[in-house]
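Student: what's the 3D shape of this:
(one chain, ligands or ions: 1)
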Amino acid sequence: MRVDEISNGSAVTSKADRKAQLAPLDASKLRITLTDALRVVPPPEEQVVGKSYTDHMLIVSYDPQTGWSDPEIKPYGPLSIDPACSVLQYGTSCFEGMKAYLGPDGKARLFRPDENMARLKRSAERLALPPFDEQEVLKLVKKLITVETRWIPALRGYSLYIRPTIIGTRPSIGVCASDHAILYVILSPTGPYFRTGSEGISLLALGDPVRSWPGGTGGHKVAPNYSPGFKSLEYAKELGYQQVLWLIGGKITEAGVMNFFAVLEREDGDLDVITPPLNGTILPGVTRASVIALAAAHPSRIILPGIPNTVCLHVHERELTMSNLTLWSAQGRLLEVFVSGTAAVVGGIGRIGFEGEDLLLHPYKDGRGPVARALFEYITDIQEGRTEWENWGVVCE
Ligand SMILES: *Cc1c(COP(=O)(O)O)cnc(C)c1O
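Tutor: Residues are numbered from 1 along each chain as shown. Here you go, the predicted structure:
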């Protein structure tokens with residue numbers, strides 16, 4: 001006999017039964033209310049991520065009695081939440097960072113959105129936020145993008161940044177999981193993330209305090225990972241660096257909110273591409289996974305622009321320290337260091353401050369070395385629909 005048959009036969013409604021009656025998150029129930037006062041799209045030079053937001057947002061909320069509400073696309077505006085609620089007291093919040101790009105056909109495209117949706121689900125689970133079907137969220141994101149396509153800048157390197165967010169809205173200071181939530185998505189037009197020249201991005205390597213730790217939440221995109229790093233970021237900026245390179249026990253983890261790669265020249269003429277392994281202290285970036293896959297595919301399946309087809313890129317997920325980098329640099333083997341993430345795609349590192357000294361890296365035009373530049377071009381070609389690879393580019397229709 002199945003469990004549901006047992007409970008159907010009894011007068012008592014089990015917790016499982018009540019859960020089964022809760023409305024699932026259902027994209028087909030979407031209601032759209034368009035604004036009657038469209039905003040002015042800022043000129044490209046003012047498109048810095050987070051500066052302006054589009055006309056509309058998507059919002060859907062969860063109530064433990066009824067489940068998920070009907071999703072709504074409505075004019076962008078403030079939320080109303082209880083001052084006692086979980087997110088304000090305990091930081092029960094997670095988010096995603098993805099982008100919509102305009103293809104040559106004028107259609108909006110997403111880049112590997114299933115990966116972001118799966119990560120959003122994992123983050124929500126890590127904070128015990130209410131469950132949802134991530135494919136329904138993706139349908140809603142696509143719909144929002146089609147409503148806001150006029151906001152996607154048609155310039156190369158420009159896109160519409162997408163910020164899906166979930167907050168715990170249980171209206172009580174009780175220290176427990178939030179059984180109320182709001183899931184919303186806002187959009188911000190954006191240009192190139194780092195407007196650096198040949199000097200590349202500068203990092204200050206810091207090991208105390210840390211951003212993440214073994215057994216912690218560093219492998220999830222949860223809000224409580226970020227604010228404790230702001231003080232270190234302010235410190236790095238005071239000393240003239242753009243981002244923090246986060247060390248744990250001397251090992252390199254990530255740079256700011258980007259994954260970290262070093263490229264070494266080998267005696268056989270090939271290149272080693274090294275990145276720290278995902279051990280729970282590192283955010284599993286979609287761009288990181290893409291860099292690894294594309295590097296490994298060269299030259300047998302694709303030819304990365306500017307990299308000879310006689311050169312193999314050997315990818316290694318292994319631990320890296322500042323002394324490794326310093327030694328390789330002194331030996332003249334360190335070709336380049338770069339970072340990856342949705343915001344910057346692939347960005348070249350120009351110098352790394354560590355224990356009072358600067359490790360200066362090879363200067364390159366626009367800061368990116370040959371491997372970073374090749375990956376940057378190939379990935380942006382996929383994102384902006386100029387080339388296709390393994391269904392990574394997904395059209396919003
Ligand atoms: C989002 C993020 C990244 C990059 O992930 P992508 O999916 O490539 O954008 C890297 N590190 C941290 C800490 C992040 O929050």
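Student: What is the least confident helix or strand in this protein?
Tutor: The element with the least model confidence among the helices and strands of the chain, by mean pLDDT, DSSP states H and E, is helix 3-8, at a mean of 47.
Student: which parts of the helix or strand just after it are buried?
Tutor: From helix 3-8 onward toward the C-terminus, using DSSP states H and E, the following helix or strand is helix 15-21. Buried residues in helix 15-21, counting neighbours by 16 or more other Cβ atoms under 10 Å, are absent. The C-beta positions use only the backbone N, C-alpha and C, and glycine is treated the same way.
Student: What's the first helix or strand after helix 15-21?
Tutor: Heading C-terminal from helix 15-21 (DSSP H and E), you reach strand 31-32.
Student: Outside of that following strand itself, which residues are in contact with it?
Tutor: Taking Cβ atoms under 8 Å, 6 or more residues apart in numbering as the criterion, the residues outside strand 31-32 that touch it are 70, 71, 72, 73, 74, 143, 147.
Student: Please name the nearest non-neighbouring residue to the single nearest residue of the stretch 101-250 of the chain relative to the ligand.
Tutor: Using Cβ to the nearest ligand atom, the closest approach of the stretch 101-250 of the chain to the ligand is made by residue 221 at 5.3 Å. Counting by Cβ to Cβ, 6 or more residues apart in numbering, residue 221 lies nearest to residue 123, which is 4.9 Å off, once chain neighbours are set aside.
Student: how much space between that neighbour and residue 68?
Tutor: Residue 123 sits at a distance of 18 Å from residue 68 (criterion: Cβ to Cβ, to the nearest Å).
Student: Residue 58 too?
Tutor: When Cβ to Cβ is applied, the distance between residue 58 and residue 68 equals 13 Å.
Student: Name the residue in the two with the higher neighbour count.
Tutor: residue 58 (26 against 22; other Cβ atoms under 10 Å).
Student: Strand partners (parallel or antiparallel) of the helix or strand hosting the more buried one?
Tutor: Element membership of residue 58, judged by DSSP H and E, is strand 56-63. The sheet places strand 56-63 alongside strand 67-68 (antiparallel), strand 72-75 (antiparallel), strand 181-190 (antiparallel), with pairing taken from DSSP bridges.
Student: got a list of what residue 72 touches?
Tutor: Taking Cβ under 8 Å, 6+ apart as the definition of contact, the neighbours of residue 72 are 30, 31, 32, 33, 58, 59, 60.
Student: So residue 294 sits against residue 304, correct?
Tutor: Yes - with contact defined as Cβ atoms under 8 Å, residue 294 reaches residue 304; the gap is 6.8 Å.
Student: just to revisit the earlier point, most neighbours among the contacts of strand 31-32, which one?
Tutor: Most neighbours among those, by other Cβ under 10 Å: residue 71, with 26 neighbours.
Student: So that one sits against residue 57, correct?
Tutor: No - the pair residue 71 and residue 57 does not pass the contact test of Cβ under 8 Å, sitting 11.0 Å apart.
Student: Now list whatever residues contact both of the two.
Tutor: By Cβ under 8 Å, 6+ apart, no residue touches both residue 71 and residue 57.
Student: Quick one: low-confidence residue ranges for the chain.
Tutor: Along the chain, the parts satisfying pLDDT under 70 run over 1-13, 15, 18, 194-197.
Student: For it, what lies in contact range of the ligand?
Tutor: Of all the residues in the chain, those in contact range of the ligand (Cβ under 6 Å from any ligand atom) are 97, 221, 254, 257-259, 283, 285-288, 340-342.
Student: ok, which pair from these is furthest apart?
Tutor: Between any two of the residues of the chain next to the ligand, the greatest separation by Cβ to Cβ is 15.0 Å, found for 221 and 340.
Student: one step back: overlap of the contact sets of residue 294 and residue 304?
Tutor: Here residue 294 and residue 304 have 375, 378 as joint contacts, going by Cβ under 8 Å, 6+ apart.
Student: surely residue 367 meets residue 202?
Tutor: No - Residue 367 is not in contact with residue 202 according to Cβ under 8 Å; the separation is 9.8 Å.
Student: Now for those two: what residues contact both?
Tutor: Common neighbours of residue 367 and residue 202 (Cβ under 8 Å, 6+ apart) are 349, 350.
Student: got a list of what residue 126 touches?
Tutor: Residues in contact with residue 126, defined by Cβ under 8 Å, 6+ apart, are 94, 217, 220, 222.
Student: Can you tell me how far the residue lying closest to residue 189 once chain neighbours are set aside is from the ligand?
Tutor: On the basis of Cβ to Cβ, 6+ apart, the spatially nearest residue to residue 189 that is not a chain neighbour turns out to be residue 47, at 4.7 Å. Relative to the ligand, residue 47 is positioned 18 Å away (Cβ to the nearest ligand atom, to the nearest Å).
Student: Next: residue 319.
Tutor: From residue 319 over to the ligand the distance is 17 Å, taken as Cβ to the nearest ligand atom.
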